[in-house]
Each structure stands twice: as structure tokens, then as C-alpha cells.
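got a sequence here, can you build the structure:
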Amino acid sequence: MKKIFTFISGRLFLTCLLIFLQISAYIFILYYLSGYSSYVYGFMTLLSILFSLKIAVDETNTDFKVIWIFFLLAIPFFSWAFYLIIRRRKAPEKSKKLYNEVNDRIFCEKDISLLQEIEDVDIKKQFGYILSVSSHSLYNETESEFFPTGEEFFKSLENNLKKAEKFIFLEYFIINKGKIWSKIFDILKEKAQNGVEVRILYDDLGTIALLPKSFEKELKQYGIKCAKFNVFSPSPDILINYRDHRKIAVIDGIYSYTGGINLADEYATETKKYGKWKDYGMMLKGKAVKEMTVMFLRLWGYSKNKVEENPSEYLNVTPVKADGLFIPFGDGPVNAENMTKNAYINMILSAKKYAYIITPYLIPDSETEAMIKLAAKSGVDVRIITPNIPDKWYVDAVTKSNYNSLIKAGVRIYEYKPGFIHAKSIISDDKAAILGTANFDFRSFYFLFENSVLIYNSSVINDIKSDFMKCIEESIEITEEMILKRNFIKKIYYSFMKFFAPFM
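Presented below is the predicted three-dimensional model:
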């Protein structure tokens, strides 16, 4: 029953429901207010035209404009009312104010001097962009380790959780009971009972169909502090879409982890519903761990509706031998900039030789798609890996709808045959990379709280590239000929689903 409830809260279903309600309203007026139907219809049409004009001049993404103007003009009955309810893409001012208060209290002094160590001018601009639009800092004296599978990621995470002496912070979109969580939970219980401060922050909607109502009580029973992000309520407001999609683990300020991996069995291929689960993880050790800790504490305070009393006690880190430069950064609807999207675009446009992208969902907005095509047409080797076995049929349809125009522009697209790709990374020219939690889609760009790591001149970049090329060997390349062989119904279906891309 919970799974059904979670599904009906989905964006596509909500859109269909709103259309159904508008048609119902039209039928009601037609049959019960027939004498006034022309006046009502004229008034509704006028409102829809006025709202369409407003949207046309708004400073917002063109894709959102197109779909809303279409609905307003095609279905004028009350569509303007639904626009007012669910149009919002940025968080309310109250939420922004709280986030900024937490942010101001937990603030690390920004160091931009290390920018001078970046020799590549284009990459330097990219790092400069993150530093200029956020409170994040640039770090050296940091080591990193790349994990090409969930199995390797969890092995390292569990080993270092056992070493914890002061605190453990975990922030995940999904936590699901099973073998993985059972092993981690046993460690957390033992550590909490031995005086280690353990905090768990998880997304309420991300876990609503997975965890029992007693989960929070169970954590507290063992002395584990917990917070639920954006508690779900049955409301049509788009705030339901503001989810904590981050994956962060911090241990004693010594180790921090991120990547696409949630705390559930499928991320280590313990279950094989989608074939082999391919995911990426990363561990940071050294100065950059401070930024990961800060990101956790900020969203913890935001979720708890209070500011951390003494954040400095968690921000002591031990420098290690430098292996490149790092900016761990977070993004979300409370920010003025679409930082993740812009960082991805900058990475693609800064590439001189190649830009390799791996993502579970390929749903770029028109602006990002244009930049990908521009890079490919300019001679950059752009390659993208997506899943061959999808986890969501409707998202897969939109992903496939984008293949044709990208391939025609010179982009090479591959589908990972063994199973589902959940990894999220971009690498370029053996110099720079982004690895984190953000997918290449509208939700990650506009609605979700995400975290990533921007990397320069680190050995971990070669590790990511090496695994990317291994994935290419296990993938099938999609060609124009294959797309032309699609039957007529499938072509229409993909085109229809692409229209709903801004809601996915």
C-alpha cells in the first residue's frame, strides 16, 4: 500500500490528475451551468492568456515556459490555478531565510588563493564560478579514493565506521532495511552505546515506502539522533519535490564519503531486479572533509529548524599529502543559482579533447543539450553512458527520446548492458572531474538538494576514466541506424514523453 501511495505522489501522475480535474470542471459547467458556459469559458481563457504572457517574460527556464504555456492555452479551465499551486521551483523565502541563518552560523572562511595552482584557464574559471556563487572553499592537502562498485564502497565505509571515536554523520536519500543496513546499523548501535555521537538525516519521501513508522523511535532507543528532511504531507504543492538527494557520510572529521550510493541492498547488487547495479562512490580524507561536515550540519539545522550551537567542535581536520584540488559543493532550490547544472555545462565547455558523462537519466534541458551539441560539433569527444536496464519506464522513455539529436551532433551514446547505471560523474581531458549525487536531469538541476565534488589534477580522475572505459566495453553503442529502426508507435511515444521532461 505504501508503494502505491508513493507512486501516486509522483510528478507524472499529479500532472495527469490535474488534467482530469480540469476536464471534470469543464463537464460540470457544460451540463449544470450551460446558460453561463460561454462567459465562464471566456473568463477562464482570458486568465490563461494573462498567465501565459506572465510566464513568457519570466526569468525562468524555457522548457518550463513551453510546457506551462501549452497547458494554460490548451486547457484553460482552472489550469492557471494549478499553475499558481505547483509552479514554484525555488524554495519559499521563509525556507531560504532559515537556510541562510544556518549557513551563516556554520561558515568556513573561504580560501581562493589555491586558484593560482590551476594552470588550465578554462578549468580555473570553472572553479572560480563555484567559489564566486557559493560559500564553499577550495582545498588541497586532501587524498581521495574512488570506488567503482557499491561492494567496494560499503567495505571501506564499514571499516572506517568501526574506527569512529567522536562522531558519525550520515545523510542519505534512501535507507532500506536489508543486509547492508543491518551491518551498518549494528556498528552504529555499538558506537552510540560507547559514547560516539551518531546522527542520521534521511529524506522522508525517499524512505516512505521502505522504512516502518517505528524507525525513528528505534534509532532513538539506541541513542542515535535522527532528522527527517521535508516530512511528506499529502499536498499538491511542488514543495513535495524538494527532496534531500544527497549522500554524505562523515567520520570524526577524518573520513568523508559521497557518490550515488544509498544505504540499501541493491546498491551492492544484493538484489538483482535491475541486473548488475553500477554505481560510483568516493572517499575524501584531509582538509576537504571539513566542507562535507559543513554541508551535513547545514541541512541538519535546516531540517531541525534550528542553528547548530557549537559547530566548530566538528570542523577540526588533519591535513594529509596533497593529491590535487577539491571543492565539495552542495546545491538546492534555496540557492539563487542552478549551480550543479552550470558546473556540468562548464565542465563540458572547458573540455578540449574529451568529456565523458555517466548518468542514470539523460534528461537535459534545452540549454544544456545545446551546450553538449556545441562541444561535440567543436571536435570534443563527447561520450555518454546510460542504463540498458532502466529502473523507471517513463524516465527511460524520455532518456531515449534525447538520443537522436545528440547522436546527429556527434555525441556517442552507450547503454550499459549488464544492468542499471546509477553512477553520476563527468570527466574531461584527464584534468578535471565532477562526482556526486546529481543526475543529468531536471529534478537534480532544479528541485533536489544535491552534493558533488569538483576535482582537479588528482590521481582519482584517472581511476574514474579507467572505469568509464571498462563500462564502454560492457556497453552497446546506440547508432542512428538503430534509432531509425524504431517503429512508428515507439517514436510517437518517446516524443510524447519528452514533452513531460520538465516534470521528471
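
for the rest of this, base every contact and every neighbour count on C-alpha atoms.
Noted.

my read: residue 172 touches residue 260, true?
No. Contact between residue 172 and residue 260 fails when scored by Cα atoms under 8 Å: they sit 9.8 Å apart.

looking at those two, which one has more neighbours?
A side-by-side neighbour count of residue 172 and residue 260, using other Cα atoms under 10 Å, places residue 260 first with 30 against 23.

what is the neighbour count of the residue lying closest to that one once chain neighbours are set aside?
Once flanking residues are discounted, residue 260 sits nearest to residue 437: 4.9 Å by Cα to Cα, 6 or more residues apart in numbering. Neighbourhood size, residue 437 [other Cα under 10 Å]: 30.

with residue 289 instead?
30.

could I get the contacting residues of it?
Contacts for residue 289 (Cα atoms under 8 Å, 6 or more residues apart in numbering) come out as 250, 253-256, 317.

want to try TSV for the residues you listed, with neighbour count as columns?
Putting the contacts of residue 289 into TSV (neighbours: other Cα atoms under 10 Å) gives the following:
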residue	neighbour count
250	28
253	27
254	20
255	26
256	27
317	16
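
shared neighbours of residue 172 and residue 260, anything?
Contact criterion Cα under 8 Å, 6+ apart; residues shared by residue 172 and residue 260: residue 247.

all strands for the stretch 401-504 of the chain, in order.
Per DSSP state E, counting those that start in this stretch, the stretch 401-504 of the chain carries strands over the ranges 412-416, 419-421, 425-428, 432-436, 450-456, 475-478.

nearest to residue 195, out of these?
Minimum separation from residue 195 across those (Cα to Cα) falls at strand 450-456, 29.0 Å.

quick check: angle from that closest one to strand 432-436?
For strand 450-456 against strand 432-436, the angle by axes from the mean of the first three to the mean of the last three Cα atoms, to 10 degrees is 160 degrees.

what's in contact with strand 450-456?
Contacts for strand 450-456 (Cα under 8 Å, 6+ apart): 118, 127, 244-247, 258-259, 324-332, 431-438, 444, 461.

what is the rounded mean pLDDT of the helix or strand harbouring residue 181?
Element membership for residue 181 (DSSP states H and E) is helix 179-193. Per-region confidence: helix 179-193 scores 97 on mean pLDDT.

please identify the buried residues of that helix?
When neighbours are counted by 16 or more other Cα atoms under 10 Å, the buried residues of helix 179-193 are found to be 180-181, 184, 187-189, 191-192.

that older thread, now the contacts of residue 289 in JSON lines, with pLDDT, distance to residue 67 and secondary structure?
Below are the contacts of residue 289 laid out as JSON lines (pLDDT from 0 to 100; distance: Cα to Cα, whole Å; DSSP: H, G, I helix; E, B strand; the rest coil):
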{"residue": "250", "pLDDT": "98", "distance to residue 67": "41", "secondary structure": "strand"}
{"residue": "253", "pLDDT": "96", "distance to residue 67": "45", "secondary structure": "coil"}
{"residue": "254", "pLDDT": "97", "distance to residue 67": "47", "secondary structure": "coil"}
{"residue": "255", "pLDDT": "97", "distance to residue 67": "44", "secondary structure": "strand"}
{"residue": "256", "pLDDT": "98", "distance to residue 67": "40", "secondary structure": "strand"}
{"residue": "317", "pLDDT": "90", "distance to residue 67": "48", "secondary structure": "coil"}
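
okay, the residues you listed in TSV with distance to residue 211 next?
Formatted as TSV, these follow (distance: Cα to Cα, whole Å):
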residue	distance to residue 211
250	23
253	29
254	30
255	27
256	25
317	34
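
can I assume residue 68 sits in a helix?
Yes. According to DSSP: H, G, I helix; E, B strand; the rest coil, residue 68 belongs to a helix.

gap between it and residue 61?
Relative to residue 61, residue 68 is positioned 11 Å away (Cα to Cα, to the nearest Å).

check residue 261 too.
Going from residue 261 to residue 61 by Cα to Cα gives 29 Å.

which of these two has more residues huddled nearby?
Using other Cα under 10 Å, the more surrounded residue of residue 261 and residue 61 is residue 261, with 29 against 13.

now that one, nearest residue through space, not along the chain?
Residue 261's closest residue in space is residue 267 (Cα to Cα, 6+ apart), at 6.0 Å.

contact partners for that neighbour?
By Cα under 8 Å, 6+ apart, the residues touching residue 267 are 150-151, 261, 277-279.

what sits against the residue nearest to residue 452 when sequence neighbours are not counted?
Distance criterion Cα to Cα, 6+ apart; nearest residue to residue 452, sequence neighbours excluded, is residue 436 at 3.9 Å. Listed by Cα under 8 Å, 6+ apart, the contact set of residue 436 reads 258-260, 281, 424-425, 450-453.

of those, closest to residue 39?
Here the nearest of the contacts of residue 436 to residue 39, counting by Cα to Cα, is residue 450; it sits at 47.2 Å.

wait, doesn't residue 287 sit right on residue 138?
No. Using Cα under 8 Å as the test, residue 287 is too far from residue 138 to be in contact (9.5 Å).

residue ranges with poor pLDDT in the stretch 1-150 of the chain?
1-19, 21-23, 25-26, 29-38, 40-41, 59, 77-78, 80-82, 84-109 (pLDDT under 70).

one more pass at 50, please.
1-11 (pLDDT under 50).

CA atoms only for the helix holding residue 181 - export them in CSV, please.
Output in CSV follows, covering the C-alpha atoms of helix 179-193 (Å, rounded to 0.1, in the frame of the first residue of the first chain):
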residue,chain,number,x,y,z
LYS,A,179,21.9,-6.9,4.6
ILE,A,180,23.7,-3.6,4.1
TRP,A,181,21.7,-1.6,6.6
SER,A,182,21.8,-4.4,9.1
LYS,A,183,25.6,-4.4,9.2
ILE,A,184,25.8,-0.6,9.3
PHE,A,185,23.2,-0.4,12.0
ASP,A,186,25.0,-2.9,14.2
ILE,A,187,28.1,-0.7,14.0
LEU,A,188,26.1,2.5,14.7
LYS,A,189,24.4,0.9,17.8
GLU,A,190,27.7,-0.2,19.2
LYS,A,191,29.3,3.2,18.6
ALA,A,192,26.4,5.1,20.1
GLN,A,193,26.4,3.0,23.2
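
which residues are contacting it?
When contacts are defined by Cα under 8 Å, 6+ apart, helix 179-193 is touched by residues 154, 158, 161-162, 164-165, 175, 197-198, 222-224, 263-265, 270.

in ChimeraX, select just the buried ones from those residues.
Entered in ChimeraX, the line below selects the buried ones among these, by 16+ other Cα under 10 Å:
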select :154,161,164,175,197,198,223,224,263,264,265,270
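
which of the contacts of helix 179-193 sits closest to residue 467?
Checking the contacts of helix 179-193 against residue 467 with Cα to Cα, the nearest one is residue 154 at 18.0 Å.

quickly list the domain ranges of this structure.
Following the assignment in automatic domain parsing, the chain carries domains at 2-86, 93-118+143-324, 339-503.

any chance of JSON lines for those, columns distance to residue 133?
Converted to JSON lines, the domains of the chain look like this (distance: least, Cα to Cα, whole Å):
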{"stretch": "domain 2-86", "distance to residue 133": "18"}
{"stretch": "domain 93-118+143-324", "distance to residue 133": "12"}
{"stretch": "domain 339-503", "distance to residue 133": "8"}
